[in-house]
Structures are given as C-alpha cells and as structure tokens.
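Novice: okay, structure incoming, though there's no sequence with it:
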C-alpha cells in the first residue's frame with residue numbers, strides 16, 4: 001500500500017489526491033488499527049467539524065456499541081467519569097480519534113484525560129486510544145502511539161491548504177476528511193462481514209476508483225448542474241437528512257457555508273434553526289430510502305413557497321418523484337459515504353458559476369478554488 005499512487009480517476013484533482021493519500025497509508029498501521037477496532041466491544045468516537053462527520057459516516061452502522069462523549073446517554077459528564085462505568089460494561093473499549101491537525105480542542109482534551117486514566121487505573125488493558133491524524137508528532141499522535149495505535153493519513157498538499165489565511169478562515173480541507181471517511185468505512189465493512197485488514201486495503205482502492213467515476217458521471221448531469229445553479233443564486237440553502245444521512249448533510253453544509261456567507265446568504269441544516277423558506281431558496285434532501293416522512297414534509301414546505309427542491313436517494317421513491325433527484329444505486333451501508341463524495345464538488349461549482357456572473361469573492365476562497373481545480 002505504501003508508495004502506491006493513482007492518477008486521473010476523477011476530473012477533480014482533490015479527489016485524485018484523496019485517493020493517493022489513502023492508498024499510501026502504511027499497511028502495518030492499517031492492520032493495527034483494524035485489529036484494535038475489531039477487538040473492541042465499544043467504540044467511543046471523538047472528532048470535530050468535518051472530521052467528526054467523516055468519522056460518524058465511516059463508522060456508522062458498525063456491529064458494535066458506538067458512543068460519543070456528547071451523547072445524552074453517555075455514562076458520565078466526561079471520559080474520566082465514564083471510564084469506570086465503561087470498564088464494567090465492556091471487556092475492550094477503544095477511544096477512536098480522527099483529527100487532521102492533531103490539535104483540535106475537544107479531541108485533545110479527551111485524549112489527555114483518557115491517557116491519564118489508562119496510566120493510573122487501567123491495569124487490565126481494557127482501554128486503547130486509536131488515532132488517525134496527518135500530524136503523528138502532535139500531542140494526540142504521540143498519545144495514540146503510546147496508548148493504542150497511530151495511523152498517519154496525509155492531508156492536502158496544495159498551496160491553499162498551507163497558507164495561513166486559508167487555514168485561519170477554515171476553507172475546506174476535503175482531502176483529509178474524505179480519505180478518513182473511506183478508511184473507516186472499509187474497516188467497518190470488513191468487521192461487519194468478517195474480513196481481514198488486507199481486504200480493507202484492496203477495497204479502498206476499488207472504492208476510490210468507483211467514487212471517482214461516480215462524481216464524473218453525476219457532476220455533469222442536468223440535475224447536478226441545476227442544483228449548483230440554484231445554490232449559486234441569492235437565497236439560503238438548507239440541507240437535510242435523517243439518521244446517518246444527517247452526517248452527510250452536516251458535512252455538505254459546512255462546505256457550502258464558506259461560499260454562501262461570502263454571497264451574503266447562509267447554509268443551514270433542516271431543523272429548528274433553519275429559517276422559513278422563501279422563493280429563491282434551495283432545499284437538498286439526502287435519504288437512502290427516499291421515504292423519510294419528516295424530509296417529505298420539508299419538501300412540501302419548500303415547494304409551497306416556490307423554492308427549488310432536490311434530493312440524493314438510493315431508490316426510486318416518494319422523494320425522487322417529488323424533487324429533482326439523483327438516484328445512487330448503492331447498498332445502504334455504502335450510500336452515505338458515496339453521497340458525501342458526490343456532493344463534495346458543489347462549492348467548486350458555486351464558485352465557478354459566480355465567477356462567470358462576475359460576482360466578486362474573497363481572495364482566500366478564490367485561492368482555494370484554483371488549488372482544488374488546477
């Protein structure tokens with residue numbers, strides 16, 4: 001796996017870079033991470049922002065107990081309080097951390113607390129800290145190496161990702177997030193289906209080729225281009241999904257916010273914080289079944305105001321019939337990951353459309369745009 005490369009699987013360079021980075025992970029690091037997650041009875045996930053959405057999409061639907069510290073049913077106000085309870089309930093517990101920088105606030109705090117607990121109280125080796133990061137020398141990386149596993153996954157190499165102004169403003173680092181998502185996705189599938197770590201490596205290669213083709217096929221379709229044009233006009237964008245699809249929606253909203261805010265508009269998740277729809281707004285719904293009743297209700301609400309309504313679904317369904325829809329023929333376990341990949345170029349298309357219309361965008365967005373498309 002290490003040293004391999006892949007080129008031209010997709011028209012977008014950032015997808016090619018994502019594939020190259022995930023294929024260059026060290027095999028021994030994949031094996032150790034896979035074995036720790038396979039042996040664990042309970043996985044406690046921690047990450048922030050897009051890395052959190054990527055981790056939840058990847059690990060979601062694994063045949064294990066999965067918890068997050070912020071969950072209502074987490075057995076304690078923090079990991080130190082919860083650890084003794086978890087130790088009584090489960091034989092093996094893995095704290096799974098996904099962080100590109102290795103220094104995000106919440107994962108860093110939780111990692112240090114968990115390391116402190118392990119060093120003082122974990123005499124039977126029930127806990128491990130299993131880290132995926134692009135910065136192995138970070139404090140989180142060093143903790144993973146000492147108390148569990150450390151897997152290095154490179155982030156974007158483009159100039160845009162290295163300039164301070166882009167990092168400060170939070171412009172998209174899709175390369176790391178998408179790569180970590182497909183890594184965790186294939187580990188999950190292997191554990192659920194009784195496969196080994198070598199299957200994970202082989203399937204990552206196959207999956208990246210598949211999503212590259214998927215993006216090229218759908219991005220140039222009439223529906224995708226219409227969706228991008230609708231989002232490029234003045235008006236708010238709302239994205240929704242239930243269950244695992246909510247993580248895809250969140251990942252998409254975070255990407256879109258940078259461009260929509262520069263236009264003077266906003267991107268929202270469906271829910272209480274989303275504003276009432278207006279003519280000119282755009283609604284995007286994500287659902288494998290296409291029969292989710294709350295999402296259908298959102299569609300009816302937006303359609304009544306004259307807003308544009310779109311969907312990404314896994315089946316011909318009520319949503320696909322009622323909206324301008326893209327149907328991804330994919331097993332439910334892979335649908336959410338592929339939907340996240342498919343929607344990742346949307347901000348690029350928005351910028352391209354705005355450029356054509358002569359709309360001035362901040363330099364950091366244009367810098368990111370050129371680095372992602374050239």
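Specialist: The structure has been received and is ready for your questions. Fair warning: this is a prediction, and the values are worked out from it, not measured in the lab.
Novice: show the subsequent helix or strand relative to the worst-scoring helix or strand of the chain on mean pLDDT.
Specialist: Least confident helix or strand of the chain, by mean pLDDT, DSSP states H and E, is helix 164-169 with a mean of 36. Next helix or strand after helix 164-169 toward the C-terminus (DSSP states H and E): helix 174-193.
Novice: the most centrally placed residue in the chain: helix or strand, and which one exactly?
Specialist: Taking CA atoms, centre = their mean, the centroid of the chain lies closest to residue 54, which sits 2.5 Å from it. Remark: residue 54 resides in helix 49-59, with elements defined by DSSP H and E.
Novice: in contact with the most far-flung residue of the chain relative to its centre, which residues?
Specialist: In terms of distance from the mean C-alpha position of the chain, residue 123 ranks first, at 35.0 Å (CA atoms, centre = their mean). For residue 123, no contacting residues are found, by CB atoms under 8 Å, 6 or more residues apart in numbering. In this view, the C-beta of every residue, glycine as well, is placed from N, C-alpha and C.
Novice: then the one 5 residues further on?
Specialist: The neighbourhood of residue 128, defined by CB under 8 Å, 6+ apart, consists of 36, 40, 92-95, 147-149.
Novice: okay, now the unreliable bits of the stretch 101-250 of the chain?
Specialist: Filtered on pLDDT under 70, the stretch 101-250 of the chain yields the residue ranges 158-173.
Novice: the helices in it, which residues?
Specialist: 105-121, 139-147, 159-162, 164-169, 174-193, 197-219, 222-232, 244-262 (DSSP state H, counting those that start in this stretch).
Novice: ok, which of these comes nearest residue 341?
Specialist: helix 197-219 (4.4 Å; CB to CB).
Novice: got the buried residues for the closest one?
Specialist: 197, 199-201, 203-205, 207-208, 210-212, 214-215, 218-219 (16 or more other CB atoms under 10 Å).
Novice: now swap in stretch 149-160 and tell me
Specialist: Buried-residue list, stretch 149-160, by 16+ other CB under 10 Å: 149-156, 158, 160.
Novice: do the same with stretch 275-290
Specialist: Going by neighbour count (16+ other CB under 10 Å), the buried part of stretch 275-290 is 277, 281-290.
Novice: in contact with residue 137, which residues?
Specialist: Applying CB under 8 Å, 6+ apart to residue 137 gives the contacts residue 102.
Novice: picking that back up, how close does the residue farthest from the centre of the chain sit to residue 273?
Specialist: For residue 123, the distance to residue 273 (CB to CB, to the nearest Å) stands at 46 Å.
Novice: ditto for residue 99
Specialist: 26 Å.
Novice: pick out whichever of those two has more residues nearby.
Specialist: residue 99 (28 against 9; other CB atoms under 10 Å).
Novice: the more buried one and residue 133 touch, don't they?
Specialist: Yes: counting by CB atoms under 8 Å, residue 133 is a contact partner of residue 99 at 5.1 Å.
Novice: give me the common contacts of those two.
Specialist: residue 140.
Novice: is it true that residue 311 lies in a strand?
Specialist: Yes: Residue 311 sits within a strand when classified using DSSP: H, G, I helix; E, B strand; the rest coil.
Novice: count the residues that sit near it.
Specialist: By other CB under 10 Å, neighbour count at residue 311 equals 28.
Novice: do residue 121 as well
Specialist: The burial count for residue 121: 14, using other CB under 10 Å.
Novice: wait, doesn't it sit right on residue 86?
Specialist: No: look at residue 121 against residue 86 with CB under 8 Å: they stay out of range, at 11.7 Å.
Novice: residues in contact with residue 156?
Specialist: 14, 17, 173-176.
Novice: tell me the domain boundaries of the chain?
Specialist: 13-215, 218-373 (automatic domain parsing).
Novice: just how off-centre is the shortest one within its chain?
Specialist: So the one you mean is domain 218-373. Averaged C-alpha coordinates place domain 218-373 at 15 Å from its chain's average position (CA atoms, centre = their mean, to the nearest Å).
Novice: got phi/psi on the spatially closest residue to residue 307 that is not a sequence neighbour?
Specialist: With sequence-adjacent residues excluded and distances taken as CB to CB, 6 or more residues apart in numbering, residue 307 is closest to residue 281, at 4.2 Å. Main-chain dihedrals, residue 281, degrees, to the nearest 10: phi -80, psi 170.
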